[in-house]
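K.L.:
Next one to model:
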Amino acid sequence: MTRLLETRVGRITAAAIGAALLYFALKLTPFWPAAWLAPIPLLLVAFHAPSREASLLVWLAAAIGVSSNLTYYLQTTGPIATAVILILQILAWGFYVNRTRSVVRTSQSWTVVFIFPALMAAIDTLVSRFSPHGTAGSFAYTQMDFLPAIQIASVLGAPSIVFLVGLFASTAAIAIYHGPRIHRPSLAYGIPASLIVLALGFGELRLHPSTDAPLTRVGLVAVDEFINPPAPPERAEAVWRAYADGVTHLATQGARIVVLPEKIAAL
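P.N.:
Numbers count the residues shown, from 1 in each chain. Coordinates of the predicted model:
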């Protein structure tokens, strides 16, 4: 693989693979394994490419990836806000990958495996802190169907999910790039593997609580279609009815609390 990435065609191919994986990871109905894999080819491209080429390929791959929500953003925020959101997301991916590149290419310290996930988690924390929409758009959402992975958020918050996924990708990419040449490989690869196993193990245990513990069933209803105020009444009514039917269905299954998305306020 290293030899393939030494050619421009190989790097473009790897970037295209990363873009496709990122596209499926970031969709409204994400394919969670894609999120664990998508950063790997992007990081490898950056490690092997000249600086300018690395930036261009990562930005292009990120643009393809974040475009999976283009229609949804246009419906919910309008063209100007959509352009701003997508550009910021593209620049963020460029920042994660290029900053990691600059460190990994100049250092073989075992701690470099933590650069990429730390940057992702840090930006995610800042966005959730200062954005009026909280964690909306967080990379943690890519794991909504992988229940063991998201349990760690009960202890460390949503950024810990981002860190966990990013740590896997970073460790895999650096293992391919540096291999055993990295300082203290047992620490470089052993600690991330242990952290991932512990986090997922904690998640599995949390999904099977003691039968003596009091439980409250919580449900979630989210309809992907967004309704603007000028929408025809029958269209809005159809979406509202879908929410009502979803709540009723969850209630019959024992849900005592049902969570709805903030966009429902438009209805």
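K.L.:
Low-confidence ranges, the stretch 1-150 of the chain, go.
P.N.:
Within the stretch 1-150 of the chain, the segments meeting pLDDT under 70 span 1-2.
K.L.:
how about a cut-off of 50?
P.N.:
Residues of the stretch 1-150 of the chain meeting the criterion pLDDT under 50: none.
K.L.:
what about the helices in this structure?
P.N.:
In the chain, the segments counted as helices under DSSP state H are 2-5, 8-25, 32-37, 39-48, 51-66, 70-77, 79-104, 115-130, 147-150, 153-156, 158-177, 185-206, 233-252.
K.L.:
and the fourth one, how far out from the chain's middle?
P.N.:
When distances are taken as Cα atoms, centre = their mean, to the nearest Å, helix 39-48 is centred 17 Å away from the chain's centroid.
K.L.:
same deal with the fifth one?
P.N.:
Distance of helix 51-66 from its chain centroid, counting by Cα atoms, centre = their mean, is 17 Å.
K.L.:
Show residues contacting it.
P.N.:
Residues from elsewhere that reach helix 51-66, judged by Cβ atoms under 8 Å, 6 or more residues apart in numbering: 8, 11-12, 15-16, 18-23, 25-26, 38, 42, 45-46, 49, 86, 89-91, 93-94, 97-98, 101. All C-beta spots, glycine's among them, are computed from the backbone N, C-alpha and C.
K.L.:
now stretch 159-173
P.N.:
So stretch 159-173 is contacted by 35-40, 43-44, 47, 96, 100, 113-118, 120-122, 124-125, 128, 138-140, 142-143, 149-150, 152-153, 188-189, 192-193, 195-196, 199 (Cβ under 8 Å, 6+ apart).
K.L.:
if we can go back for a sec, can you say which of the contacts of helix 51-66 are buried?
P.N.:
By the neighbour-count criterion of 16 or more other Cβ atoms under 10 Å, those include these buried positions: 11-12, 15-16, 18-23, 25-26, 38, 42, 45-46, 49, 86, 89-90, 93-94, 97, 101.
K.L.:
Need the CA coordinates for stretch 157-168. CSV is fine.
P.N.:
Taking only C-alpha atoms (Å, rounded to 0.1, in the frame of the first residue of the first chain), the coordinates of stretch 157-168 have been written out as CSV:
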residue,chain,number,x,y,z
GLY,A,157,-20.0,13.4,26.6
ALA,A,158,-20.4,13.3,22.9
PRO,A,159,-16.8,14.3,22.1
SER,A,160,-15.6,11.1,23.6
ILE,A,161,-17.4,9.2,20.8
VAL,A,162,-15.6,11.4,18.3
PHE,A,163,-12.3,10.7,20.0
LEU,A,164,-12.9,7.0,20.1
VAL,A,165,-13.7,6.7,16.3
GLY,A,166,-10.8,9.1,15.4
LEU,A,167,-8.4,7.1,17.6
PHE,A,168,-9.1,3.9,15.7
